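Enquirer: Got a sequence here, can you model it:
(chains A and B)
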Amino acid sequence: MKIAITGHTKGIGKACFDLFNTNNNCIGFSRSNGFDISVNGVVEKIVQDSLDADVFINNAYFEFKQTEIFKHLFEQWQSLEDKTIININSRSKYGVGKNQFYASTKKDLANTSYQAMFNKKNCRVININPGYVETDMVKEHIGKFNMLTPSKVADTIKWCLDQPQDIEIGELSIWKTTLR
Amino acid sequence: MRIAITGHSKGIGKSIFDTLQQSHNCKGFSRSNGYDITQDADKIIEESNDFDVFINNAYSGLYQVKLFDMIFDKWKDDPNKQIINIGSKSKYYPFNDEQPQLKKDKRSSKAYNDNKKSISHSIYAKQMYLSKQCKIITIHPGYTRTDFIKHHWDNVNMIDPKDVADVIQWVLSMPSHIEIGELGIWHPREF
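Expert: Model prediction:
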């Protein structure tokens, strides 16, 4: 399988890249190799370069850009049965946490994705909502909250992806049973 | 594990019961064996107290919320307990009367949609904002090949009740410190 991943050099993205790259052909898009999604035009370029992949992991975060990537890619893939889009969302989409801007961008991604999924379509769409994960993004919170490891999230994504093509794990939320 | 399940004699509940019973000690509560969630909630919760897992599956109006609240009150500080609620994919969208209906008439289908939303929101309130030790898991199946919606079998692509049971078995295999808070499972091309 060919798997495209945004933000493949850090955190959850890196864990996915390392896990999937052993048995698949992975292609990564990160700032480090010239794909900064905050720059105009880069989102379109990433989608264009990923069209022949089987799976797209929409992982890199910048404001509302994840929603933009999803919209562009869904437009191209919605009629194709053998494609899977995986959005890395967040527990924040439930409106919890102090950073309400971050929460609103994640809610936007969730709602855009539901709107697309619940109409007639052929590709699979999977939304993953992890709680705190031990990554650079939340390094100031390490030790204050119980956190998942990036590889646990990657394993869970693999489980969703490995389901038969006629099963869609449309949403999966995963976090530590107790937060502190 | 000792597993209690409501509505174990039909549909998704039966498949969960039959699957889990092979490797766990299961007890079912259904109208067929004298337990009606609309009348016997106290008795069901009382008799489930010593179990490790409570599967809140039987649906009747908002009684699923009542059962969730009751068992959560008893189990919230116990890290060895798990509550699994069976919600519905219909909670994700507004009532749409152009879709194949889940209940016998439009009014109960609308109520089903509203109630499944309420169930999901009452659960978040406890899952997200209270300090708790027990696990709370909610599964939202899409159209599932059960007798309740036999009349739609030919016009909607559905998942099998066994698919839901398998997912629950996977969720139960997680270590105690990991909570699969919510999981939606359905056919990617229902219509």
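
Enquirer: by contact count, what packs against the lengthiest strand in chain B?
Expert: Taking DSSP state E as the criterion, chain B has its longest strand at strand B:178-186. Applying 3 or more CB pairs under 8 Å, 6 or more residues apart in numbering or on different chains; DSSP states H and E, we find strand B:178-186 packed against strand A:168-176, strand B:135-141, helix B:161-172. Just so you know, the C-beta spots here come from the backbone N, C-alpha and C atoms, and that holds for glycine as well.

Enquirer: Dump those to TSV, plus distance to residue B:89.
Expert: Below are these laid out as TSV (distance: least, CB to CB, whole Å):
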stretch	distance to residue B:89
strand A:168-176	7
strand B:135-141	5
helix B:161-172	11
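
Enquirer: Work out for me the element residue A:85 sits within.
Expert: strand A:84-88 (DSSP states H and E).

Enquirer: What is that strand packed up against?
Expert: strand A:55-58, helix A:65-77, strand A:124-130, helix A:150-161.

Enquirer: repeat that for 7 Å
Expert: Other helices and strands packing on strand A:84-88, by 3 or more CB pairs under 7 Å, 6 or more residues apart in numbering or on different chains; DSSP states H and E, are strand A:55-58, helix A:65-77, strand A:124-130.

Enquirer: tell me the angle that strand makes with helix A:65-77.
Expert: Inter-element angle recorded for strand A:84-88 and helix A:65-77: 170 degrees (by axes from the mean of the first three to the mean of the last three CA atoms, to 10 degrees).

Enquirer: before we move on, the earlier item: give me the distance from the longest strand of chain B to the chain's centre.
Expert: Remark: strand B:178-186 is offset 12 Å from the chain centroid, using CA atoms, centre = their mean, to the nearest Å.

Enquirer: any idea which helix or strand of chain B has the worst average confidence?
Expert: Across the helices and strands of chain B, the lowest-confidence element by mean pLDDT, DSSP states H and E is helix B:106-129, at a mean of 91.

Enquirer: contacting residues around that one?
Expert: Applying CB atoms under 7 Å, 6 or more residues apart in numbering or on different chains, the external contacts of helix B:106-129 come out as A:94, A:96, B:61-62, B:64-65, B:68, B:72, B:85, B:87-88, B:90-91, B:95, B:97, B:101-103, B:132, B:136, B:138, B:181.

Enquirer: again with stretch A:139-156
Expert: So stretch A:139-156 is contacted by A:11-12, A:14-16, A:19, A:128, A:130-135, A:172, A:174-176, A:178-180 (CB under 7 Å, 6+ apart).

Enquirer: Which of the residues you listed are buried, as a PyMOL select command?
Expert: Buried residues within these, by 16 or more other CB atoms under 10 Å in any protein chain shown, are selected in PyMOL with:
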select buried, chain A and resi 11+12+14+15+16+19+128+130+131+132+133+134+135+172+174+175+176+178+179
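
Enquirer: and chain B, which of the contacts of stretch A:139-156 reach it?
Expert: Checking these against chain B by CB under 7 Å from any CB of the partner chain, the ones in range are A:172, A:174, A:175, A:176, A:178.

Enquirer: any chance of those residues in CSV, with pLDDT too?
Expert: Shown next, in CSV, are these (pLDDT from 0 to 100):
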residue, pLDDT
A:172, 98
A:174, 98
A:175, 97
A:176, 96
A:178, 93
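
Enquirer: of all the residues you listed, which two lie farthest apart?
Expert: Longest distance between any two of those is 19.4 Å, between A:172 and A:178; criterion CB to CB.

Enquirer: measure residue B:68 to chain A for me?
Expert: Separation of residue B:68 from chain A (CB to the nearest CB, to the nearest Å): 17 Å.

Enquirer: quick check, residue A:26 in a strand?
Expert: Yes: assessed by DSSP: H, G, I helix; E, B strand; the rest coil, residue A:26 belongs to a strand.

Enquirer: what sits opposite it in the beta ladder?
Expert: Assessed by DSSP bridges, residue A:26 has beta-bridge partners residue A:3.

Enquirer: Just give me the neighbour total for it.
Expert: Look at residue A:26: counted by other CB atoms under 10 Å in any protein chain shown, it has 21 neighbours.

Enquirer: about what we covered before: the next helix or strand after the strand holding residue A:85 packs against which elements?
Expert: Per DSSP H and E, the first helix or strand lying C-terminal to strand A:84-88 is helix A:100-117. The helices and strands touching helix A:100-117, judged by 3+ CB pairs under 7 Å, 6+ apart, are helix A:65-77, strand A:124-130.

Enquirer: OK, contacts around the most centrally placed residue in chain A?
Expert: Residue closest to the mean C-alpha point of chain A, counted by CA atoms, centre = their mean, is residue A:88 at 2.5 Å. Contacts for residue A:88 (CB under 7 Å, 6+ apart) come out as A:12, A:57, A:58, A:59, A:128.

Enquirer: Tell me which two of those sit farthest apart.
Expert: Farthest pair in the contacts of residue A:88, by CB to CB: A:12 and A:58, 11.3 Å.

Enquirer: Return the residues of chain B in contact with chain A.
Expert: B:92-93, B:124, B:128, B:133, B:135, B:159, B:163, B:176-189, B:191.

Enquirer: Just the buried ones from those?
Expert: Neighbour counting by 16+ other CB under 10 Å classes B:92, B:124, B:135, B:159, B:163, B:178-189 among the residues of chain B next to chain A as buried.

Enquirer: Pull the number of nearby residues for residue A:79.
Expert: 11.

Enquirer: quick one, what contacts the residue lying closest to it once chain neighbours are set aside?
Expert: Among residues not flanking residue A:79 along the chain, residue A:122 sits closest, at 5.3 Å (CB to CB, 6 or more residues apart in numbering or on different chains). Listed by CB under 7 Å, 6+ apart, the contact set of residue A:122 reads A:78, A:79, A:80, A:81, B:189.
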